[in-house]
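Engineer: Give me a 3D structure for the following:
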Amino acid sequence: MHPDDPADQKLTDARPTTPSGDAASTERTIGRHRVPEPPRRSLLGSTPVRVALATGVTCCLSLVAVATARGNDDDTPRTVEPLAEAVADRAAIADERASRSLDRDLAPARILPSPTATPTPAPTVARKAPRKPVKPRRPRPVAGLDQAQMDNAKIIVDVGLDLKMPRRALVVALSTAMQESNLYNLASDVLPESFDYPNQGSGSDHDSVGLFQQRPSSGWGTVAELMRPSYAARAFYSALNEIPGWQDMSVTAAAQAVQISAYPDAYAQHEERAATVAAALT
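Structural biologist: Okay, the predicted model is just below:
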């Protein structure tokens, strides 16, 4: 059998119980062409390994002691999580924090309402009472007129000013109303209907009504319209504007051209007073 045969190696692995100084027998024992193996040293026999092992054991004991101390402080039994799991959780938290941006905005602090706080009622704003409409001042009577006459004169003047009539037209209209109704809004005894409207007396000259004693039967307007001083004044000015050259006529002639009265010269006596009233109202 060849010396390198595996079966022969098995036979030569057996070591003699007694040492021999024969070199050839030593060569047979370890086999030809083999390098003697270095003596093996135990892993735990290494000093660095022992130090590392001791350090790890100390850390584990410290963690167990801390967990036990916390459990004793809370008086609540706790389960100490394994060291590997705790280290993994901390690593995950550190990784999550590192992944956020360093220039992120801080989250606004939440302010929880106090359970005992009561909402402050809104201040009550006192509302001002609406102002009552101010009545226009009544004109002060002049030229011997009373307040009712002066109020009617003001209506005649205001309508004339609204129609852009000159001062002379105002004097003509005032003189006419002074002669026809003495500046009172009169109903007619012939027209019972005229008493259904505000009036300041009555006349009996046919169906003549109002400040200018205009007749509904002559086409001046309805009884209801002519009993309104503003309408009666507007009707008079419209008729005056239809008289050619009335501006150059006397007050009496202009008034007569409109009224066609049986007493044409009666208007002249009121011209001076009418001028005084017109001046006071304009």
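Engineer: Distance of the closest residue to A153 other than its chain neighbours relative to S218?
Structural biologist: Nearest residue to A153 in three dimensions, chain neighbours excluded: V277, at 5.1 Å (CB to CB, 6 or more residues apart in numbering). The way it works is simple: take the backbone N, C-alpha and C, and place the C-beta from them, glycine included. Using CB to CB, to the nearest Å, V277 is found at 27 Å from S218.
Engineer: So for the two, which sits in the more crowded spot?
Structural biologist: More crowded of V277 and S218, by other CB atoms under 10 Å: V277, with 28 against 11.
Engineer: my read: that one touches P141, true?
Structural biologist: No. Contact criterion CB atoms under 8 Å: V277 and P141 do not qualify, at 9.1 Å.
Engineer: which residues do those two both contact?
Structural biologist: Counting by CB atoms under 8 Å, 6 or more residues apart in numbering, the contacts common to V277 and P141 are M150.
Engineer: Next up, the contacts around the nearest residue to S204 once chain neighbours are set aside.
Structural biologist: Nearest non-adjacent residue to S204, counting by CB to CB, 6+ apart: D189, 4.5 Å away. Counting by CB under 8 Å, 6+ apart, D189 touches S202, G203, S204.
Engineer: ranges for the helices of the stretch 51-200 of the chain?
Structural biologist: Assigned by DSSP state H, counting those that start in this stretch, the stretch 51-200 of the chain shows helices spanning 83-98, 147-162, 167-181.
Engineer: what helices or strands is the last one leaning on?
Structural biologist: Applying 3 or more CB pairs under 8 Å, 6 or more residues apart in numbering; DSSP states H and E, we find helix 167-181 packed against helix 147-162, helix 229-241, helix 251-259, helix 271-281.
Engineer: what helices or strands is the shortest one leaning on?
Structural biologist: In terms of contacts (3+ CB pairs under 8 Å, 6+ apart), helix 251-259 is packed against helix 167-181, helix 229-241, helix 271-281.
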